[in-house]
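Enquirer: this one's structure only:
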Ligand SMILES: [Zn+2]
């Protein structure tokens with residue numbers, strides 16, 4: 001190739017690239033103007049967008065982060081804080097007291113017994129919510145959420161992850177309820193007085209609830225404390241479904257068909273949960289969404305939503321982000337404040353009334369059926 005011809009060719013390619021870039025800029029500026037005009041002339045669209053942003057997330061581990069890092073819940077360095085909740089479109093957030101025990105307590109440097117740790121965490125929750133009356137207020141029933149919303153406030157719902165602090169004393173469930181706890185997972189990843197944890201061993205995973213666990217389910221039903229079956233064995237799940245007189249929740253689990261982790265629910269479990277009027281909160285943990293994944297992608301979250309709708313029905317879908325409990329995952333949407341990006345992707349697959357159900361309607365129904 002001749003040098004002069006070469007230079008002319010490069011100049012020609014540059015010209016084409018420049019033209020292409022300018023064209024793209026013109027098109028994108030024009031699209032922005034068109035979109036802005038469209039929104040201005042369609043107040044319903046703007047209203048619908050606001051409607052979508054009323055999220056109830058059924059699980060996060062932010063309180064433990066708060067306990068360990070000793071930074072405020074309002075704006076501390078967490079995946080969820082009150083300012084991020086506001087920005088992301090929160091209607092209500094379930095704050096779990098993750099009652100650490102066994103080697104997890106050792107790893108976290110916590111030497112308190114489970115019940116004593118629960119007491120400290122419950123006090124921390126109470127103080128943090130009381131410190132922020134301009135942003136959030138507690139909700140003890142579904143109606144409280146509406147009342148708080150009318151005052152321009154988000155709602156907080158206190159929950160427990162791992163019933164280990166019950167320690168075989170049924171009256172402790174009453175005590176937790178009077179402290180404001182409205183949902184409790186029967187187990188975490190250890191055996192406790194109620195049952196056994198999920199396991200890769202099919203024999204262990206088939207174990208049902210203990211006799212005290214059966215009493216605990218009855219007492220939770222009577223009080224109006226929602227039964228959370230995430231982390232439980234499949235045998236325990238079946239017992240809880242059979243015994244509970246009220247709809248129950250898998251607060252942070254996904255579909256086993258798409259992510260083979262034993263914490264995820266099989267098609268059979270999804271169907272049973274849906275038939276019982278229960279709900280499942282999609283967990284954002286990357287390896288739950290897809291085997292061996294480290295990226296918690298929006299696409300995978302949407303895939304689980306679409307799949308669970310097929311197996312359990314639209315009325316079984318909800319959110320269970322597990323934020324602040326999924327440190328090993330890289331989040332495509334950064335943190336809770338990125339929720340609108342997830343909703344935007346979801347709106348390509350679900351109608352507005354379905355999005356309402358996923359975001360808050362389904363949880364409000366189950367909350368009402370349990371706690372009034
Ligand atoms: Zn968990």
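Expert: Received, thanks. Since this is a predicted model, take the numbers as computed values, not measurements. Residues are numbered from 1 along each chain as shown.
Enquirer: burial measure for the nearest residue to residue 319 once chain neighbours are set aside, as a count.
Expert: Nearest residue to residue 319, sequence neighbours excluded (C-beta to C-beta, 6 or more residues apart in numbering): residue 57, at 4.6 Å. Every C-beta, even on glycine, is put in place using the N, C-alpha and C of the backbone. Neighbours of residue 57 under the rule other C-beta atoms under 10 Å: 31.
Enquirer: residues contacting residue 57?
Expert: Residue 57 is in contact with 80, 90, 92, 93, 94, 281, 319, 320, 321, 323, 336, counting by C-beta atoms under 8 Å, 6 or more residues apart in numbering.
Enquirer: For the second one, what are phi and psi?
Expert: Dihedral angles phi and psi of residue 90 (degrees, to the nearest 10) take the values phi -80, psi 140.
Enquirer: Could I get the full set of helices for the stretch 251-372 of the chain?
Expert: Taking DSSP state H, counting those that start in this stretch as the criterion, the stretch 251-372 of the chain carries its helices at 267-275, 286-289, 298-312, 339-346, 352-356, 362-371.
Enquirer: what's the closest of those helices to residue 110?
Expert: Of all the helices of the stretch 251-372 of the chain, helix 286-289 sits nearest to residue 110, with 25.2 Å by C-beta to C-beta.
Enquirer: Relative to the whole chain's centre, how far out is the closest one?
Expert: How far helix 286-289 lies from its chain's middle: 13 Å, per C-alpha atoms, centre = their mean, to the nearest Å.
Enquirer: Stretch 200-208 too?
Expert: Taking C-alpha atoms, centre = their mean, one finds stretch 200-208 lying 26 Å from the centre of the chain it belongs to.
Enquirer: cool, stretch 210-227 as well?
Expert: 23 Å.
Enquirer: If you count neighbours, what's buried in it?
Expert: 210, 212-217, 219-221, 223-227 (16 or more other C-beta atoms under 10 Å).
Enquirer: now, the most widely separated pair of the residues you listed?
Expert: The largest distance within those, taken as C-beta to C-beta, falls between 210 and 224 and amounts to 22.7 Å.
Enquirer: Low-confidence regions, this protein specifically.
Expert: By pLDDT under 70, the low-scoring segments of the chain are 1-52.
Enquirer: that older thread, could I get the phi/psi values of the residue nearest to residue 319?
Expert: The phi/psi pair for residue 57 (degrees, to the nearest 10) reads phi -110, psi 130.
Enquirer: partner residues bridging it?
Expert: Using DSSP bridges, the beta-bridge partners of residue 57 come out as residue 93, residue 319.
Enquirer: need the contact list for residue 278.
Expert: Neighbouring residues of residue 278 by C-beta under 8 Å, 6+ apart: 241, 247, 248, 249, 250, 316, 366.
Enquirer: which residues in this protein form strands?
Expert: Under the criterion DSSP state E, the chain contains strands at 55-57, 90-98, 136-138, 154-161, 181-185, 226-228, 249-250, 279-282, 295-296, 317-319, 330-331.
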